[in-house]
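Engineer: here is a sequence with its predicted model. Questions after.
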Amino acid sequence: MRILVTGGAGFIGSHLCETLLNKGHDVLCLDNFFTGQKENIWHLMDDKRFELIRHDVTQPILLEVDRIYHFACPASPIHYQYNPVKTIKTSVMGTIHMLGLAKRVRARIMLASTSEVYGDPKVHPQKESYWGNVNPIGIRSCYDEGKRVAETLMMDYHRQNKVDIKIVRIFNTYGPRMAINDGRVVSNFIIQALTNQNITVYGRGNQTRSFQYIDDLIDGVERMMNVEDFIGPVNLGNPHEFTILELAEKVIELTNSRSKIVFKPLPADDPVQRKPFIGLAKEKLDWEPRIKLEDGLKKTIAYFDEVLSRLPDKKPI
Ligand code: NAD
Ligand code: UDP
């Protein structure tokens, strides 16, 4: 098949491009390089079945493709809050353009949605049937509400135009090829620990997240794309829940770091608890995450260690 991956030079998108090429598909990687990096896809450039398109999804594009993985959108709070108007345009206009393309060429399209559609959840763990608790006017809403509208657009194009859709709600995912300046918690803590800087825990560190390793996510995404008669939304996440303080301690232990934990103000609207209920993914996709936090962290630490060793003064952030 000829497959379009929007956001293909980003963290998740680059792993998807690689997996799809390995399965023998032709891959069109589309990215505006806002948070994506050429280094993430450098190793794919010599493959004749790989094409790179520099394009912004807020503008329409005409392509001939069989499938679309629509993953373009900054995902780290510091990046999506940098230009919030652009973030919501990316989710809303970008998804309209990709749905228009899918409708025209009759391609199956998957939206990378997020656990953020549940906001600061009042139900724990979060099931797909929960409608969420999102502040519509807060600093996270450009991302959260953008993705909620993107889900609405997917469902309406499906009901109205019979577009073949898939919605995955991705929970916190980490692994190699996260950008060094990404700003999300796993990469921040690992880089701080490897460079013996203070580990910055926001708030008291008792808020929780459930961390999924990239390989588990890609497996779930592929199963979802290829299953028939199930459009989602489906949660893809690791149900093992950790406090942010526990994560900080684990990273210090695994890196043998001299770093000390320091406490910084908690950002506004930071969700208190997050953990996916993955019964639907188990039932429909026969999927559950396999990689334990400790094992995934070791692989990610090795990646950042290698990246840092190539920097002149090991102090990226
Ligand atoms: P990322 O920032 O590494 O990747 C996003 C990619 O999209 C980048 O390559 C960026 O340059 C590109 N992009 C951004 N705006 C664009 C635009 N207007 N036009 C074209 N390209 C654009 O982030 P990621 O973690 O790889 O996230 C990928 C997708 O998965 C996003 O849609 C995100 O919302 C979703 N997601 C990720 C997580 C996670 O934990 N990593 C969780 C939930 C959802
Ligand atoms: N966080 C932290 N220190 C950091 C970065 C993040 O304590 O250097 C916290 C953040 O406040 C949140 C959690 O870690 O409670 C996860 O943050 P991240 O930005 O990775 O993702 P999200 O909040 O979108 O789940």
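Structural biologist: On my side now, so go ahead. Residues are numbered from 1 along each chain as shown. Ligands and ions are numbered 1, 2, ... in the order given.
Engineer: and the chain, which of its residues are near ligand 2?
Structural biologist: Contact residues, the chain versus ligand 2 (C-beta under 6 Å from any ligand atom): 76-77, 172, 184-185, 188, 200-202, 207, 209, 244, 266-267, 270. C-betas here are computed from N, CA, C, even on glycine.
Engineer: run the last query once more with 8 Å
Structural biologist: 75-78, 115-116, 140, 172, 183-186, 188-189, 192, 199-203, 205, 207, 209, 244, 247-248, 264, 266-267, 270-271, 274 (C-beta under 8 Å from any ligand atom).
Engineer: of these, buried ones?
Structural biologist: 75-77, 115-116, 140, 172, 183-186, 188-189, 192, 199-201, 205, 207, 209, 244, 247-248, 271, 274 (16 or more other C-beta atoms under 10 Å).
Engineer: can you pull out the helices in the stretch 101-250 of the chain?
Structural biologist: Per DSSP state H, counting those that start in this stretch, the stretch 101-250 of the chain carries helices over the ranges 141-161, 185-194, 214-226, 244-255.
Engineer: turn those helices into JSON lines, including distance to ligand 1 and mean pLDDT.
Structural biologist: Below are these laid out as JSON lines (distance: least, C-beta to the nearest ligand atom, whole Å; pLDDT from 0 to 100):
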{"stretch": "helix 141-161", "distance to ligand 1": "7", "mean pLDDT": "98"}
{"stretch": "helix 185-194", "distance to ligand 1": "9", "mean pLDDT": "97"}
{"stretch": "helix 214-226", "distance to ligand 1": "8", "mean pLDDT": "98"}
{"stretch": "helix 244-255", "distance to ligand 1": "14", "mean pLDDT": "98"}
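Engineer: buried deepest among the ones you listed, which one?
Structural biologist: Stretch with highest mean neighbour count among those: helix 185-194 (a mean of 24; mean count of other C-beta atoms under 10 Å).
Engineer: and the angle for that one with helix 244-255?
Structural biologist: Orientation check (axes from the mean of the first three to the mean of the last three C-alpha atoms, to 10 degrees): helix 185-194 against helix 244-255 gives 40 degrees.
Engineer: who does helix 185-194 touch, helix- and strand-wise?
Structural biologist: strand 199-202, helix 244-255, helix 293-309 (3 or more C-beta pairs under 8 Å, 6 or more residues apart in numbering; DSSP states H and E).
Engineer: any chance of these in a markdown table, with distance to Ile218 too?
Structural biologist: Below are these laid out as a markdown table (distance: least, C-beta to C-beta, whole Å):
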| stretch | distance to Ile218 |
| --- | --- |
| strand 199-202 | 28 |
| helix 244-255 | 22 |
| helix 293-309 | 13 |
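Engineer: list the contacts for Ser259?
Structural biologist: Gln192, Ala193, Asn196, Gln197, Asn198, Ile199, Ile252 (C-beta atoms under 8 Å, 6 or more residues apart in numbering).
Engineer: thought the last one was touching Gln197?
Structural biologist: Which is Ile252. No. The criterion here is C-beta atoms under 8 Å, and Ile252 misses it with Gln197 at 11.7 Å.
Engineer: wait, Glu64 touches Val105, no?
Structural biologist: Yes. If you go by C-beta under 8 Å, Glu64 and Val105 touch, sitting 6.0 Å apart.
Engineer: what about Asn22, neighbour count?
Structural biologist: 9 (other C-beta atoms under 10 Å).
Engineer: where's it relative to ligand 2, distance?
Structural biologist: Per C-beta to the nearest ligand atom, to the nearest Å, Asn22 is found 28 Å from ligand 2.
Engineer: where does that residue land on pLDDT?
Structural biologist: Model confidence at Asn22, given as pLDDT, is 98.
Engineer: OK, contacts around it?
Structural biologist: By C-beta under 8 Å, 6+ apart, Asn22 has no neighbours at all.
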